[in-house]
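> Need a 3D model of the following:
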Amino acid sequence: MIRVLLADDQVLVRAGFRALLDSAPDIEVVAEAGDGEEAVRLARAEGPDVVLMDIRMPGVDGLAAAERILADRDLSATRVVILTTFDLDEYIFEALRAGASGFLVKDTEPRDLLQAVRVVHGGEALLSPGITRRLIADYARRPPGAPEPSVRLNGLTDREREVVALVGGGLSNEEIAARLVVSPATAKTHVSRSMVKLGVRDRAQLVVIAYETALVTPRWSQNS
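Next up is the predicted model:
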């Protein structure tokens, strides 16, 4: 059973989400929070598998709450998905950098919401092509400057660096396997090992690292 914590300041939104999630045989809502402070407290008390977090809430907002949850070692298995009204929310990228597993707009189709919870619980990230394109655009707009020191990548093999770059380009395991002419299982192993070596939770953070260390540049990604 996938245990979910809902965090949203709108009671009706929480009620709708709860009714949908509780209708699934493999998902249960274990707690609801109306603000970020309460979300952090309930996360620590309940240890949910997945937190659906509204990014805009009074007091402690969803971004700050997500950062606190994701920084808590006792909640290392908890995944956070950011909920937003608009998929262009300026806080999305900060949430991904903090370790969120992805984002959902609140008008997501019911079946997509259920699938999203299952996907994130399974260790994958919710990175649509749209968010990847916006991440590329975000970096493309920044003034030229030195990327983060590549010392972060020193522990990776050449193949693992190549795989992280492909993840940064938005490729799935199957697409990476086809590009490198290896099996999907081998591609998945390379992705998993890269995540362990870099100390990240999922593909969302691999994408961020790929850009921050210049493994991927906007021009490379747009031409690939």
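
> Can I get stretch 166-180 as CSV, trimmed to CA atoms?
Included here for stretch 166-180 are C-alpha records, laid out as CSV according to Å, rounded to 0.1, in the frame of the first residue of the first chain:
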residue,chain,number,x,y,z
LEU,A,166,21.4,11.5,-21.9
VAL,A,167,19.1,11.6,-18.9
GLY,A,168,19.6,15.4,-18.9
GLY,A,169,18.5,15.4,-22.5
GLY,A,170,15.2,13.9,-21.4
LEU,A,171,15.7,10.3,-22.6
SER,A,172,14.1,7.4,-21.0
ASN,A,173,16.0,4.2,-20.1
GLU,A,174,14.7,2.5,-23.3
GLU,A,175,15.8,5.5,-25.4
ILE,A,176,19.2,5.5,-23.7
ALA,A,177,19.6,1.8,-24.4
ALA,A,178,18.8,2.3,-28.0
ARG,A,179,21.3,5.3,-28.3
LEU,A,180,24.1,3.3,-26.6
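
> State the number of residues packed around Lys188.
Here the number of neighbours of Lys188 (other C-beta atoms under 10 Å) works out to 17. The C-beta positions use only the backbone N, C-alpha and C, and glycine is treated the same way.

> quick one, phi psi at it?
Here the main-chain torsion angles of Lys188 (degrees, to the nearest 10) amount to phi -60, psi -40.

> which residue sits closest to it, ignoring its sequence neighbours?
Closest residue to Lys188 apart from its sequence neighbours, by C-beta to C-beta, 6 or more residues apart in numbering: Asn173 at 4.8 Å.

> In contact with that neighbour, which residues?
Contact analysis of Asn173 by C-beta atoms under 8 Å, 6 or more residues apart in numbering lists 184, 187-188, 191.

> Now do it, the pLDDT please.
The model reports Asn173 with a pLDDT of 87.

> Could the C-alpha coordinates of the helix or strand where Leu206 lies be exported in CSV?
Assigning secondary structure by DSSP states H and E places Leu206 in helix 203-212. Taking only C-alpha atoms (Å, rounded to 0.1, in the frame of the first residue of the first chain), the coordinates of helix 203-212 have been written out as CSV:
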residue,chain,number,x,y,z
ARG,A,203,16.2,11.3,-12.4
ALA,A,204,14.9,14.8,-11.7
GLN,A,205,18.1,15.6,-9.8
LEU,A,206,20.2,13.9,-12.4
VAL,A,207,18.8,16.3,-15.0
VAL,A,208,19.7,19.3,-12.8
ILE,A,209,23.2,18.0,-12.2
ALA,A,210,23.7,17.4,-15.9
TYR,A,211,23.0,21.1,-16.6
GLU,A,212,24.8,22.5,-13.5
